[in-house]
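In: give me a 3D structure for the following:
(chains A and B)
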Amino acid sequence: MRLLVLIAALLAGCATAPSPQAPSPLPPVPVEGAAPAVPAAPGAPGPNPAVERLMASARADEAASRLGSAEATIERALRIAPRDARLWQQLARIRLRQGEYRQAESLAARANTWAGSDAALRAENWNLIAQARDALGDSAGAREAQRNAERYAR
Amino acid sequence: MARRRRLWPWFRVGLLVLALLAAGYTLYLDFRVRHEFEGRRFALPARIYARPLELHVGLKVPEDDVLRELRELGYRPVAREDRSGWYVRNGAELEIAVRPFVFWDGPQPAKRLRVSFADGAVNALTDAKGADLALARLEPLMIGGIYPTNNEDRILVRLSEVPKVLVNELIAVEDRHFYTNWGFDPRGIARALLSLPTGHIQGGSTLTQQLVKNFFLSPERTIRRKAIELVMAVLLELHYTKQEILETYLNEIYLGQDRDRAIHGVGLAAQFYFDKPVHRLTAAESALLVALVRGPAYYDPYRHPQRALERRNLVLRETRDEGFISAAEYQAARATGLGLNPRPSTGTTPYPAFVDLVHRQLRRDYDETDLRSEGLRIFSTLDPRAQAAAEHALADRLAAFDRQGRFGKPGLEGAVVVADPQTGEVQALVGGRDPHYQGFNRALDAERQIGSLFKPAIYLTALEDPSRYTLATLLDDSEFVWQPPNSEPWRPENYDRQYHGQVPLYVALAHSYNVAAARLGTTLGLDKVLDTARRLGIERALPQYPSTLLGAANLTPLEVAQMYQTIASGGFRSPLHAIRDVTTADGRPLKRYPLAVAQAFSPDPMYLLTAGLQEVVREGTARSLANWLPPALGVAGKTGTTNEQRDAWFAGFTGAHVAVVWVGYDDNRPARLLGATAALPVWGEMMAALEPEPVAFPQPESIEQAMIDPQSGLLADSSCPGAIELPFVKGSAPQARAPCAGNPVMDNVKGFFQRLLGQ
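Out: Model (predicted):
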């Protein structure tokens, strides 16, 4: 019985166990599959059909080089799910194509803050940062970003 | 005789000169009539819209709030199969017939929605056939405009849109011979001449003359004016068709007053009085508009309904007498009530402070004349729910202070700014205790000392150097004197007039110790701290005095909101803005205001600072916030109180909103109020009404947690009283163990199992 309790506690605890007397001042972001410390907010990444729909629509716009429309659509999605790293990344990619390199760099960094443990997403963010820095003439910065990209791509 | 013969040529010359002058003047008038009539485009105000409500499954919104928004949009709670603009409840479902609307990204047709709610959120969204919808947008609320200088407002209509009966009523009452006269009515002129001796020229105006008078002339009634009016009316008739004159008249005519907004034209009047497009007006409704032509104030149907009703029935009677409507139609129309739109009037805007911000931001990109005349459509970021919550919270709290009766006259004032931390969109703005007063906009223009709200800039500067400063670093809160060269010494004091000795950095922040902060700021260097403030978004140059460290600089609530937006987004500064898109009057996109982000800080120090600001709320100066918001939300914030308590501030954020509240007196006299007792309650009450989201910053990879003993700032274990888990940049946590902590390895293991077993 003890063991069962222990295992259950371990399972529930490993993602979210702050010590009981002093809760972590920053609740960790809910990890998929584990009971979240806070109720999953609409802003948290998750299968939100509205967001998926808007992303798909923006991708179609991007493919057709309707960048203004793609940008507006992604912003609309971000108002629904501001913590979805994929949206920040997509906006960074759009800005890069628009030649807004500083925006692209900051937006990709923003995507990194919400990327959690998604290494592929982080690799692509660093890729975008490398391209933006390269376009801005910061070749040292670009190389560093490229190294980060490779580190996560592995 | 000889004398007459000598005079005659001179007389003829004189006549000739007079005729030439008259001809010249007529030519001039003709030029003016044609130039102004053709060149004339009605000035159309820029129209400002709130954000549209986007419904989707999972949206946290109570059903009542959706219903309120529908009511404000003028939706009626009755199904009308052939129309849009209504909603009904069918059991657990809300059915909405959404009106068509031209958005910045194109037109959206009318559509039916079915929405159901559970636990304060949307849990199903389908179309009329029951198919799931990912997303549905209601049309946005119009929240104001930027009006021509005389605040004329109108909606332009084509003559073909105006019901025939309205035109007939107008002609029956105002100008029976409109289609046959030459712009003037000889009988009217005769009457006017007869009234000459009375000194008050009366009546006799055709529609054309009325139009000329409104268009070109001042309202004075002299014989000279009357003559010019007559000539111009004839000239107008010579150049333009009756249809053109009638259409212009119907758009020009003044038909009412909505506070400071002048209602012009039948298009806007139909919307204002009956909330419908002009083509759907009934005979009785259009008769009321025609009744108003003679005196919109005298016959104001809201203030003098009986008088308006009698005049309307007179219009109907004369229309029947002219044979335009049958006796049966007359009887039916006469029997109806006024049927007025019950919506309370709002004047030019119910949100003057927010519209002021929109206007200022538009002025950077647009010419003032264009704003006031081109009918631009401005899609703003205002969230009416956030605005209502902010207005109510401020009004409630200030009213409570009024009841205490110790605050004198004029009473306390306040301001609120609410923004989206992720995008920098301003969602609500309150400029004073009366949110409808179009006066001093404190949110934008009240420059006040910010007190301790400045302190995060000091601590952030420190935390950017993890090799020297962590949340646990002990700071010296003992007497401190700053002696600048050739100047008085500066000796900061704590609010409680005590010194607290060695305190961990997070404790000094949580309890807002002035002396520790001032010493830290001067140690770091004033320049460095002021540079941090700039990166946080404070654009104005702050005074290079150490007192700036304790918030002696004057800032507006909006500037403070910018500073806290950068913190709330984890170091990504987004300029606070109130506009998303601008289109032309017919919906062509003109300009987007895209989301802009600048990474001003790396995530690590921001994560640490936020943990510190959460401690302020958890156990520091803002712990009374627990009266409004549950601790699990992890709200981060800072109180601010200035010298002699002239200003009370609270600034902070939840996961979805960053907000700043200021309370104080306009004349800057001491208010004897603390940030925590005056501004914080407004903030808490407002945020509690806004479905608060938890602050859930993802922990950067380079951050780890450690247990700290608050006494020593050293590593603690569970046997240390009040031990707290704090984040550190990896490798920066203290290595030494606190006196209260026991053997490292064994205790760690013990603590781990104790936690697991919930002991």
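
In: going forward, measure contacts and count neighbours with C-alpha atoms only.
Out: Will do.

In: can you give me the distance of the closest residue to chain B within chain A to B:L135?
Out: Closest residue of chain A to chain B, CA to the nearest CA: A:A50 (4.5 Å). Per CA to CA, to the nearest Å, A:A50 is found 5 Å from B:L135.

In: neighbour count: these two, which is higher?
Out: A:A50 (21 against 16; other CA atoms under 10 Å in any protein chain shown).

In: mind checking the SS state of B:L429?
Out: strand (DSSP: H, G, I helix; E, B strand; the rest coil).

In: would you mind measuring from it to B:L125?
Out: 31 Å.

In: more neighbours: which of these two?
Out: Neighbour comparison, B:L429 and B:L125: the larger count goes to B:L429, with 35 against 25 (by other CA under 10 Å).

In: need the pLDDT of residue 153.
Out: Using chain A. Per-residue confidence (pLDDT) for A:A153: 87.

In: meant chain B, my bad for not saying
Out: 87.

In: so it is in which element?
Out: strand B:152-154 (DSSP states H and E).

In: longest helix of the chain?
Out: The chain I'm using is chain A. In chain A, taking DSSP state H as the definition, the longest helix is helix A:119-135.

In: correction: the question concerned chain B.
Out: Determined from DSSP H, the single longest helix within chain B is helix B:2-39.

In: ok, the residue of chain A closest to chain B to B:T381 distance?
Out: 20 Å.

In: the stretch 501-650 of chain B: helices as residue ranges?
Out: B:505-510, B:514-524, B:526-535, B:557-568, B:603-619 (DSSP state H, counting those that start in this stretch).

In: ditto for chain A
Out: Under DSSP H, chain A gives helices at A:2-16, A:49-63, A:67-80, A:85-97, A:101-113, A:119-135, A:139-153.

In: which stretches of the chain have low pLDDT?
Out: In the absence of a named chain, chain A is used. A:1-46 (pLDDT under 70).

In: please go with chain B instead
Out: Using pLDDT under 70, the flagged stretches of chain B are B:1-5, B:39-41, B:192, B:195-204, B:217-221, B:343-346, B:407-408, B:743-759.

In: pick out the residue of it closest to chain A.
Out: B:A134 (4.5 Å).

In: returning to that earlier point: now do the shared contacts for A:A50 and B:L135.
Out: B:56-57 (CA atoms under 8 Å, 6 or more residues apart in numbering or on different chains).

In: a markdown table for the helices of the stretch 501-650 of chain B, including distance to chain A and mean neighbour count?
Out: Shown next, in a markdown table, are these (distance: least, CA to the nearest CA, whole Å; neighbours: other CA atoms under 10 Å in any protein chain shown):
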| stretch | distance to chain A | mean neighbour count |
| --- | --- | --- |
| helix B:505-510 | 12 | 26 |
| helix B:514-524 | 22 | 22 |
| helix B:526-535 | 14 | 19 |
| helix B:557-568 | 12 | 28 |
| helix B:603-619 | 6 | 25 |
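
In: nearest to B:G742, of the ones you listed?
Out: Among the helices of the stretch 501-650 of chain B, helix B:505-510 comes nearest to B:G742, with 23.6 Å by CA to CA.

In: so B:Q483 sits against B:W490, correct?
Out: Yes - taking contacts as CA atoms under 8 Å, B:Q483 lies within contact range of B:W490: 6.4 Å.

In: more neighbours: those two, which one.
Out: When B:Q483 and B:W490 are compared for neighbours, B:W490 comes out ahead with 14 against 11, by other CA under 10 Å.

In: count of neighbours near the closest residue to the more buried one other than its chain neighbours?
Out: Among residues not flanking B:W490 along the chain, B:W482 sits closest, at 4.9 Å (CA to CA, 6 or more residues apart in numbering or on different chains). By other CA under 10 Å, 15 other residues sit near B:W482.

In: thought B:W482 was touching B:P489?
Out: Yes - the pair B:W482 / B:P489 is scored as a contact, 5.5 Å apart, by CA under 8 Å.

In: tell me, what residue is most central in chain A?
Out: A:A85 (2.1 Å; CA atoms, centre = their mean).

In: where along the stretch 1-150 of chain B do the helices fall?
Out: With DSSP H, counting those that start in this stretch as the criterion, the stretch 1-150 of chain B has helices spanning B:2-39, B:63-72.

In: need those in CSV with distance to chain A and mean neighbour count, can you?
Out: Converted to CSV, these look like this (distance: least, CA to the nearest CA, whole Å; neighbours: other CA under 10 Å):
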stretch, distance to chain A, mean neighbour count
helix B:2-39, 35, 12
helix B:63-72, 16, 16
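
In: I'd like those helices laid out as a markdown table, including distance to B:G106.
Out: Compiled in a markdown table, these are given as follows (distance: least, CA to CA, whole Å):
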| stretch | distance to B:G106 |
| --- | --- |
| helix B:2-39 | 30 |
| helix B:63-72 | 22 |
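
In: so which of those helices comes closest to B:I253?
Out: Comparing the helices of the stretch 1-150 of chain B by CA to CA, helix B:2-39 comes nearest, at 14.9 Å.

In: name the helices or strands packed onto that closest one?
Out: helix B:223-239 (3 or more CA pairs under 8 Å, 6 or more residues apart in numbering or on different chains; DSSP states H and E).

In: what sits up against whichever helix or strand comes after the helix it packs on?
Out: Downstream of helix B:223-239, the first helix or strand assigned by DSSP H and E is helix B:242-252. The contact list for helix B:242-252, computed with CA under 8 Å, 6+ apart, reads B:42, B:154-159, B:179, B:207-208, B:211, B:214, B:237, B:264-267.

In: direction included, what does the strand holding B:D153 pair against?
Out: Strand B:152-154 pairs in its sheet with strand B:261-264 (parallel), by DSSP bridges.

In: isn't B:Y49 up against B:P140?
Out: Yes - between B:Y49 and B:P140 there is a contact under CA under 8 Å: 5.8 Å.

In: so what's the residue count around A:E144?
Out: 15.

In: show me what contacts the spatially closest residue to A:L78 that is not a sequence neighbour?
Out: In space, and not counting its chain neighbours, A:L78 is closest to A:L87: 6.5 Å by CA to CA, 6+ apart. Applying CA under 8 Å, 6+ apart, one finds that A:L87 lies in contact with A:55, A:74, A:77-78, A:111.

In: nice, that's everything, thank you.
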